[in-house]
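**Q** predicted model, plus sequence, below.
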Amino acid sequence: MFTDGEMTSPGREKIAAIAEARKLDGKRLTAWVEHLLRAATNPQELFHGYAAVAKGEPAAAVLARERARDEKSARALESVDVLVDFTKPGAAEWTQDGVVWSRLNAGDAAWGADGLDGLLSVGALRAAPLWQFLRPAPKAQAEASHQPWVSAGRMARTATFALTKPNLYTLVRGAGHAFVEMDAHRQINGPLHASTIASWKETNLHWVAQSMRHYVSPDPSKPLHRAHVEFTAESPDFEVLMVVQGDAPPGNPFDRAPRFVLEGLKDAASPRALAEAYEQNIGACGNWLLQHPALTGAVAAEVADYTAARAKIASTVKAESRIAPAILAARRRTNIC
């Protein structure tokens, strides 16, 4: 039925026969089987534990592997100092130039340009795709310094901090740009401050590293330099989760299975018992459900109606604005939320 984790034609025919005999949706059942085949080899997938056990791997072995991943995730930030954390509820100071950015908490809806992208599993500072069409008018005066991208009206800035470690790491999702403004110094056409600029195309959750070894303050009570980070989105799903400093890259603090999966693997006497644990808890995995409409069904019609209404409002907004270099600090609006 299967070859290298993929379903063969005879396998599809057998699934179709089972669906017909049990009066199930054959297309959806096939999608589930294909998804579980892929999940068996992908530890980051929600159904990895069940899929591995269903394929014959002992539940104890899967549990040991998942526990090791969970423990590694718990230690991911042990060697770094957290400077900015948008993943947890509570106050976090930030600033923006424009209206693109929003501070979202776990469980909040992440709206895209064409609909609901999902529900956040952890908090983040998110650039709303709906407003990323904003741009400077032609021939508008731009800031002649570091940026090969346009940040005016599209930038978010962290609170100011002092660096005591040689490297800065930012956990992001989506493609974008980062500029570490050091001591309000922005004219960096030369190589002296080149490390304060970073651009990336990778869209998966990852750490962006920047060397700050020239700006370290040995005594944090007497900072030699003051810095903050400015972010500009390049992709429509851009999010900033946290900024840390350290000697070496941190791990992924969110690479862990849900608690119910660990408990299910611990108590499961059979694949069926483990499946029951998933059935009882899958409702709490709202983002996963939204991300897999082929398995769970399309989202409610109200989502499409709301998306259309948002797009209609956005279409009335003037996209272009004339800009000129200015002192952001003099007109800055601080968000603490």
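**A** Noted; the coordinates are in hand. Numbers count the residues shown, from 1 in each chain.
**Q** quick check: phi and psi on A91?
**A** phi -70, psi 140 (degrees, to the nearest 10).
**Q** wait, what's in contact with the closest residue in space to W207 that isn't next to it in sequence?
**A** Nearest non-adjacent residue to W207, counting by Cβ to Cβ, 6 or more residues apart in numbering: Y169, 4.7 Å away. (C-beta placed from N, C-alpha, C; glycine too.) Residues near Y169 by Cβ atoms under 8 Å, 6 or more residues apart in numbering: 80, 207-210, 243-246, 249-250.
**Q** swap in W32?
**A** By Cβ under 8 Å, 6+ apart, W32 lies in contact with L295.
**Q** tell me the SS of it?
**A** Following DSSP: H, G, I helix; E, B strand; the rest coil, we place W32 in the helix state.
**Q** relative to T296, how far out is it?
**A** 10 Å (Cβ to Cβ, to the nearest Å).
**Q** low-confidence ranges in the stretch 201-337 of the chain?
**A** Judged by pLDDT under 70, the stretch 201-337 of the chain has its weakly predicted residues at 324-337.
**Q** then the stretch 1-150 of the chain?
**A** Scanning the stretch 1-150 of the chain for pLDDT under 70 picks out 1-10, 141-146.
**Q** 90 - rerun?
**A** Scanning the stretch 1-150 of the chain with the threshold set as pLDDT under 90 gives 1-26, 89-93, 97-99, 111-118, 129-150.
**Q** quick one, strands of it?
**A** With DSSP state E, counting those that start in this stretch, the ranges of strands along the stretch 1-150 of the chain come out as 2-3, 6-7, 80-85, 93-98, 101-104, 109-111, 116-119, 124-127, 135-136.
**Q** could you identify which of those strands is most buried?
**A** When the strands of the stretch 1-150 of the chain are scored by mean count of other Cβ atoms under 10 Å, the highest mean neighbour count falls to strand 124-127 (a mean of 26).
**Q** so which elements touch that one?
**A** When contacts are defined as 3 or more Cβ pairs under 8 Å, 6 or more residues apart in numbering; DSSP states H and E, strand 124-127 packs onto strand 101-104, strand 154-158, strand 227-233, strand 239-246.
**Q** apply 10 Å and report the result again.
**A** The criterion is 3 or more Cβ pairs under 10 Å, 6 or more residues apart in numbering; DSSP states H and E, and the helices and strands that strand 124-127 contacts are strand 93-98, strand 101-104, strand 109-111, strand 154-158, strand 167-173, strand 227-233, strand 239-246.
**Q** what's the angle from the last one to strand 93-98?
**A** For strand 239-246 and strand 93-98, the angle between their directions (axes from the mean of the first three to the mean of the last three Cα atoms, to 10 degrees) works out to 130 degrees.
**Q** sorry, back to before: how about the helices and strands packed on strand 124-127 in a markdown table, adding distance to L119?
**A** Shown next, in a markdown table, are the helices and strands packed on strand 124-127 (distance: least, Cβ to Cβ, whole Å):
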| stretch | distance to L119 |
| --- | --- |
| strand 93-98 | 22 |
| strand 101-104 | 10 |
| strand 109-111 | 6 |
| strand 154-158 | 21 |
| strand 167-173 | 14 |
| strand 227-233 | 20 |
| strand 239-246 | 13 |
